[in-house]
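Enquirer: here are the coordinates; sequence isn't available:
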């Protein structure tokens with residue numbers, strides 16, 4: 001995994017909500033650094049789900065102008081839990097921290113977006129609603145076909161994984177690729193792992 005995340009400055013990649021003011025002025029500046037406002041990072045177990053998401057995003061990153069259609073992780077790298085400040089460890093989305101386990105630091109761009117339902121169902125007129133629904137369906141279809149043409153299938157299509165960027169509300173963007181499929185890798189083991197990490201067991205469009 002070739003990345004450019006500087007692990008020695010890992011604290012800079014985290015931005016905590018409702019964080020108490022640091023007594024030390026230098027630390028306070030560090031939290032307000034422009035880098036913090038642009039990115040948000042998550043620690044994930046090194047497992048099938050995280051590896052699959054990283055691999056899928058590596059493929060999407062090769063698609064020209066992918067950011068106009070997909071919201072993916074910007075960077076990732078292995079992380080040693082012992083390097084983390086205890087304040088960060090308390091806020092990790094991991095049930096149990098085991099020093100013997102492997103973890104990945106996933107770095108995402110902090111985007112100003114609105115959820116699919118919040119956008120469509122708050123349009124002022126029925127005419128605008130119908131117009132945007134048709135446009136949204138068309139754009140999502142093109143997005144799915146583009147993934148298929150690049151050996152991928154967006155397996156967990158739902159309104160929760162479709163967003164609209166506030167600066168470009170006309171076109172929907174797909175996000176959350178941990179459950180997506182690499183078509184060339186399809187076999188019983190791969191599909192079993194995908195099903196185990198899906199949010200529900202509804203039939204998906206293979």
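Expert: Received it, and whenever you're ready, just let me know what you need. What you see is a predicted model, and the numbers here were worked out from it, not measured in a lab.

Enquirer: make it CA atoms for all contacts and neighbour counts henceforth
Expert: OK.

Enquirer: Select the helix or strand of the chain having the lowest average pLDDT value.
Expert: In the chain, no helix or strand scores lower on mean pLDDT, DSSP states H and E than helix 25-31, which sits at a mean of 48.

Enquirer: Buried ones in stretch 48-66, by neighbour count?
Expert: Buried residues in stretch 48-66, defined by neighbour count with 16 or more other C-alpha atoms under 10 Å: 49, 50, 52, 53, 54, 56, 57, 60.

Enquirer: Of these, which belong to helices?
Expert: 49, 50, 52, 53, 54, 56, 57, 60 (DSSP state H).

Enquirer: quick one: low-confidence ranges for this structure?
Expert: 1-37, 82-100, 168-169, 199-206 (pLDDT under 70).

Enquirer: max-length helix in it?
Expert: helix 126-149.

Enquirer: buried stuff in that one?
Expert: 129, 132, 136, 139, 140, 143, 144, 146, 147.

Enquirer: what's that helix in contact with?
Expert: With contact meaning C-alpha atoms under 8 Å, 6 or more residues apart in numbering, helix 126-149 is reached by 60, 69, 120, 121, 123, 153, 154, 170, 171, 172, 173, 174.

Enquirer: Just the buried residues out of these, in ChimeraX syntax.
Expert: To isolate the buried members of these in ChimeraX, using 16+ other C-alpha under 10 Å:
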select :60,69,120,153,154,171,172,173,174
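
Enquirer: Okay, helices next: where are they in this protein?
Expert: Under DSSP H, the chain gives helices at 25-31, 34-38, 48-60, 86-90, 116-120, 126-149, 188-197.

Enquirer: among the ones you listed, which is nearest residue 165?
Expert: When these are compared by C-alpha to C-alpha, helix 116-120 sits nearest residue 165, at 10.0 Å.

Enquirer: Count the residues that sit near the nearest residue to residue 48 once chain neighbours are set aside.
Expert: Among residues not flanking residue 48 along the chain, residue 193 sits closest, at 7.2 Å (C-alpha to C-alpha, 6 or more residues apart in numbering). Number of residues near residue 193 (other C-alpha atoms under 10 Å) recorded here: 14.

Enquirer: swap in residue 181?
Expert: 24.

Enquirer: That one: what's it in contact with?
Expert: 56, 152, 153, 154, 155, 194.

Enquirer: quick one: the first one and residue 78, what's the gap?
Expert: In this structure, residue 56 lies at 17 Å from residue 78, with C-alpha to C-alpha, to the nearest Å as the measure.

Enquirer: now, which of the contacts of residue 181 sits nearest residue 113?
Expert: Nearest to residue 113 among the contacts of residue 181, with distances taken as C-alpha to C-alpha, is residue 154, at 20.2 Å.

Enquirer: Spit out the contact partners of that closest one.
Expert: 144, 147, 177, 179, 180, 181.
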